[in-house]
Each structure stands twice: as C-alpha cells, then as structure tokens.
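> pasting the structure only:
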C-alpha cells in the first residue's frame, strides 16, 4: 500500500475529517481541533480543504 493520499477537510461548522486514501481503500476519521492542529504540525497533507475560509491548499506532487 504505497503512496497514500492524505486529505484534511474542515466543514463550515469546524468539524474536521482526516482521510487517508489507498488504492481501493479509504480510511476516514473525525478529529478535534487540537488533534488537527497537532497533525498539521507533524504531517504533510496532499490536500487541505477549509470551507469556513473558502480555501483549498494542494501540495505539489513530484
């Protein structure tokens, strides 16, 4: 299971969902705001979607 895609989604109510997408499999977890902040400090995400801020941050792929 190489190269999973990591996505962090913040919905309009600041509910946070973390997705790890493997070929043929997706893992989805709900996070608290403090947990999401820790993850943002320690993980590299492929995509961060923030609906309250009307922003999407896409990390360039090699």
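That came through fine. This is a predicted model, so every value here is computed, not measured. Residues are numbered from 1 along each chain as shown.
> contacts and neighbour counts: CA atoms only from here.
Noted.
> same for the one helix or strand residue 57 maps to, what does it pack against?
Using DSSP states H and E, the element containing residue 57 is strand 55-58. Judged by 3 or more Cα pairs under 8 Å, 6 or more residues apart in numbering; DSSP states H and E, the packing partners of strand 55-58 are strand 47-50.
> Give me the distance from the strand it packs on to the chain's centre.
Centroid separation for strand 47-50 versus its chain: 6 Å, with Cα atoms, centre = their mean, to the nearest Å.
> Residues in a beta bridge with the spatially most central residue of the chain, which ones?
Relative to the mean C-alpha position of the chain, the nearest C-alpha, by Cα atoms, centre = their mean, is the one of residue 8, at 1.5 Å. Residue 8 has these beta-bridge partners by DSSP bridges: residue 18, residue 48.
> So it versus residue 41, what's the distance?
13 Å (Cα to Cα, to the nearest Å).
> I'd like to know how many residues surround residue 30.
Counted by other Cα atoms under 10 Å, the residues lying close to residue 30 total 14.
> Next: residue 7.
19.
> cool, residue 16 as well?
By the criterion of other Cα under 10 Å, residue 16 has 19 neighbours.
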